[in-house]
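Asks: predicted model and sequence follow; I will ask about them next.
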Amino acid sequence: MKTNKVEEALNVLEAGIGYKELTLDEFIDVYHKIINRKILNDHTVFAVFIEDRIFIAFPEKPDLRFVITKSKGFFSKDDLNFVANLEPMGSYKGKRKFSSFLKEEFKLNWWAIIGIFFSTFLLFSISGAVSMLQRVNELILASATIFISIFLLFVISQRGFKNEFKLMREGILYEFIQNDKYVAALAIIVIFLSITTVAFSYTDLSYLGDLKIFAISLLTSFSLVILAICYLAIYQYYFERMKLLRLLPASQEILEDRLKKYVDLQKNEEGGGFVKGNQR
């Protein structure tokens, strides 16, 4: 079955037009046969990575497309390390994991995370007032709801930007989308954590004594840290992203406009010199 699909793909390749889906192993066989049979003179492979798919094109066969798929997992540039001359685009750096996102956030905001957690945890533990912790969690819940509304406005306002093609090619667009997903996930975690903490605070666990206050204080401080990360993302990430999306195309337009005016000025000066020469 595998051999048949490989031969079918080679037939499509020789025809120079068409579309064929392959597994990675099948494409490896196809690529090696292309080289061994000298089907193509140029072995350059243009590859656009989109998570579990790779769109393949050859410069000698621009109307042909191979699509490499996998049922589970995520493709990266290393999956095509057998290709001698690879031109990768899209999400070729591999999957942007939630753990990597959290590590970056901690490196960026470690001072705020540590400060908020320990100061609030110490305050809540000393006070020992369950009613105060209940009120704080209710405020966290309201703040998280407000944040999601603000977050959605930012995400919607930044869709369909002019340089989307360039950002997609360099894999930046994929990182934007993943960051959006992870920030939304943090906001949802805060909501459910606050609801759980409030419910836990109303539970009659008097036999636990101070341990109940300790647990509620810990959960509340943790919720505040996550909420702080969400709000810090608004100005540290989304405003910076908005600046990038607006300044990048604007800078290109300014550069093109300045170059055009300079070239036109040079042409006018050369034309004027030519006319003066004829008059003499």
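Replies: Nice, thanks for sending it over.

Asks: helix, strand, or coil at residue 174?
Replies: Secondary structure assignment for residue 174 (DSSP: H, G, I helix; E, B strand; the rest coil): helix.

Asks: quick one, phi/psi of the spatially closest residue to it that is not a sequence neighbour?
Replies: Of all residues not flanking residue 174 in the chain, residue 91 sits nearest, at 4.1 Å (CB to CB, 6 or more residues apart in numbering). Quick note: C-beta positions are derived from backbone N, CA and C, even for glycine. When read as degrees, to the nearest 10, the backbone of residue 91 gives phi -90, psi 50.

Asks: for residue 91, grab the count of nearby residues.
Replies: Residue 91: 26 surrounding residues under other CB atoms under 10 Å.

Asks: per-residue pLDDT, it?
Replies: Model confidence at residue 91, given as pLDDT, is 83.

Asks: now the one 4 residues further on
Replies: Residue 95 is assigned a predicted lDDT (pLDDT) of 80.

Asks: that one: which element?
Replies: For residue 95, there is no host helix or strand (DSSP states H and E).

Asks: what packs against the helix or strand that contains residue 122?
Replies: Assessed by DSSP H and E, residue 122 sits inside helix 98-127. If you count contacts as 3 or more CB pairs under 8 Å, 6 or more residues apart in numbering; DSSP states H and E, helix 98-127 packs onto helix 130-157, helix 172-202, helix 210-233.

Asks: how about TSV for these, with mean neighbour count, distance to residue 86 and mean pLDDT added?
Replies: Below are the helices and strands packed on helix 98-127 laid out as TSV (neighbours: other CB atoms under 10 Å; distance: least, CB to CB, whole Å; pLDDT from 0 to 100):
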stretch	mean neighbour count	distance to residue 86	mean pLDDT
helix 130-157	16	33	85
helix 172-202	17	18	87
helix 210-233	19	34	89
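
Asks: which among these is found nearest to residue 73?
Replies: helix 172-202 (15.7 Å; CB to CB).

Asks: now do the same end-to-end measure for stretch 35-52.
Replies: 26 Å (CA to CA, to the nearest Å).

Asks: list the contacts of the closest residue to residue 18 other than its chain neighbours.
Replies: Closest residue to residue 18 apart from its sequence neighbours, by CB to CB, 6+ apart: residue 12 at 4.2 Å. Residues near residue 12 by CB atoms under 8 Å, 6 or more residues apart in numbering: 18, 19, 20, 64.
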